[in-house]
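Colleague: here is a sequence together with a model predicted from it:
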Amino acid sequence: MTIIGGSGGMGKVFGKLFQKYGFEITLFARNKEKLTQTAMVCGMKHSLRLEECVKKADIIMVSIPITSTPQMIKKIAPMMKRDAILFDITSLKTMVYNILQDMYSKYPINCISLHPMFGPGIKDMKNYVMIALKVGGTNNYNLLIEELFSIFQSEGLLIITTTPEEHDKTMALTLAVPHMVNILYLTLLKQSGIPLNELTKFTGTTFLLQKVFAESIIQREMEMFGEIQMENVEFYKILDLFEEVVSKYKKIIQGKDKNAFYKIFQEGLVYSREDNHFKNSYKYFYEFMKILKN
Ligand SMILES: NC(=O)c1ccc[n+]([C@@H]2O[C@H](COP(=O)([O-])OP(=O)(O)OC[C@H]3O[C@@H](n4cnc5c(N)ncnc54)[C@H](OP(=O)(O)O)[C@@H]3O)[C@@H](O)[C@H]2O)c1
């Protein structure tokens, strides 16, 4: 198996996963020093020659930034072995799905697009979600993809299938929105000119927890977070909506319109009440707080 982007966070996670199931892993990336170091630490092979490590592999995983992935797929598909599997793990799918479709119709390979709903910090994959978009391939497609899925399922991953459109629409809400809200939270606080440590002295609960979410986001992959928001047209629509919502909210607050405020509050309550976590949310909140206060 060859992992393109093998010295990156997700490349390492998946390298270790497949290594556990007996695969011989070759890592490919551009920066030699980082690549050799990663390969040495993980006990894997490495190569700086793309064609050499692509043409010998039964499975190729592409784990590089979202905007570089389509070009990489176009480049490697013609080099691949007959019947080999090609999969990416990008956080957006519309663009990459179309390219994979094109590649499997031109070359005798098997293409699938995956999106693990976790980051490089994961320790145990049990009950985490892996989104899968089946693309197509040779006569052995279903068999080979089932074998691939069985590896993920052995780790306890929950595989859900979807379409590229549905995927990107939901990612605009489940990834881009929380990222944006947390980035803006820190941006707003920074405008005060008061150091975060000072503000923290005056905090009880909600501020502290929100701050921890925001701090965990802001120290992660800046390039990827930017791509997830900038490359998804579905998120542009959300930004328009967000502007509308904020301007309406401003009017409610400045106009001291209690009825409108209660209405918004009530609507949020009714919407979240249907959620499975709702009943225990307040309890969870204090469980998180217990960790922070200790
Ligand atoms: N991180 C997450 O939480 C997460 C979660 C789900 C999905 N993903 C997806 O996983 C993919 C990788 O993310 P990551 O967090 O692992 O990124 P990362 O840590 O930045 O690693 C990127 C890897 O790709 C290599 N690379 C970058 N540009 C390249 C290019 N043009 N050609 C060949 N290699 C290249 C890098 O090494 P060199 O620069 O040395 O080449 C590095 O090995 C992205 O598509 C992302 O959307 C990430």
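Modeller: Received the coordinates, thanks.

Colleague: so what's the residue count around the residue of the chain found nearest the ligand?
Modeller: In the chain, the residue that lies nearest the ligand is residue 8 (1.9 Å; C-beta to the nearest ligand atom). C-betas here are computed from N, CA, C, even on glycine. Per other C-beta atoms under 10 Å, the neighbour tally for residue 8 reads 22.

Colleague: quick check: closest non-adjacent residue to it.
Modeller: residue 63 (5.8 Å; C-beta to C-beta, 6 or more residues apart in numbering).

Colleague: what's the pLDDT at that neighbour?
Modeller: At residue 63 the predicted local distance difference test score is 98.

Colleague: end to end on stretch 208-228, go ahead and measure it.
Modeller: 26 Å (C-alpha to C-alpha, to the nearest Å).

Colleague: ok, stretch 194-211 next?
Modeller: 14 Å.

Colleague: rounded mean pLDDT for that stretch, please.
Modeller: On average, stretch 194-211 scores 92.

Colleague: and for stretch 112-120?
Modeller: 96.

Colleague: contacts only, for the residue nearest to the spatial centre of the chain.
Modeller: Centroid-nearest residue in the chain, with C-alpha atoms, centre = their mean: residue 91, separated by 4.7 Å. By C-beta atoms under 8 Å, 6 or more residues apart in numbering, the contact list for residue 91 reads 66, 115, 171, 175, 224, 227, 228.

Colleague: could I get the pLDDT score of the fourth one?
Modeller: By that I understand residue 175. pLDDT, residue 175: 96.

Colleague: the first one now?
Modeller: The model reports residue 66 with a pLDDT of 96.

Colleague: kindly report the same for residue 182.
Modeller: For residue 182, pLDDT reads 97.

Colleague: does it touch residue 219 like I think?
Modeller: No. Contact criterion C-beta atoms under 8 Å: residue 182 and residue 219 do not qualify, at 11.2 Å.

Colleague: ok, residues contacting the helix or strand harbouring residue 287?
Modeller: Here residue 287, judged by DSSP states H and E, is contained in helix 281-293. Contacts to helix 281-293, defined as C-beta under 8 Å, 6+ apart, come from residues 205, 208, 209, 212, 272, 277.

Colleague: close to the ligand: what parts of this protein are there?
Modeller: Within the chain, the positions adjacent to the ligand are 4-11, 29-31, 34, 63-66, 68-69, 72, 89-91, 116, 119-120, 221, 224 by C-beta under 6 Å from any ligand atom.

Colleague: and the residues you listed, which are buried?
Modeller: 4-8, 10-11, 29, 63-66, 69, 72, 89-91, 116, 221, 224 (16 or more other C-beta atoms under 10 Å).

Colleague: when residue 182 and residue 219 are compared, which one has more neighbours?
Modeller: Under the criterion of other C-beta under 10 Å, the comparison of residue 182 against residue 219 puts residue 182 first, with 20 against 8.

Colleague: okay, helices next: where are they in the stretch 101-250 of the chain?
Modeller: Using DSSP state H, counting those that start in this stretch, the helices of the stretch 101-250 of the chain run over residues 141-154, 164-171, 177-191, 196-201, 206-218, 222-230, 233-254.

Colleague: quick one: the strands in the stretch 1-150 of the chain, in order.
Modeller: Secondary structure of the stretch 1-150 of the chain by DSSP state E, counting those that start in this stretch: the strands cover 2-4, 26-28, 45-47, 59-62, 85-88, 110-116, 129-136.

Colleague: now those as CSV including distance to residue 265?
Modeller: Shown next, in CSV, are the strands of the stretch 1-150 of the chain (distance: least, C-beta to C-beta, whole Å):
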stretch, distance to residue 265
strand 2-4, 48
strand 26-28, 51
strand 45-47, 55
strand 59-62, 45
strand 85-88, 42
strand 110-116, 34
strand 129-136, 30
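
Colleague: so where is the chain shaky, pLDDT-wise?
Modeller: By pLDDT under 70, the chain has no low-scoring segment.

Colleague: can you do 90?
Modeller: Where the chain drops to pLDDT under 90, the residues are 203-205, 220-221, 292-294.

Colleague: outline the domain layout of it.
Modeller: Per automatic domain parsing, the structural domains of the chain span 2-162, 166-256.
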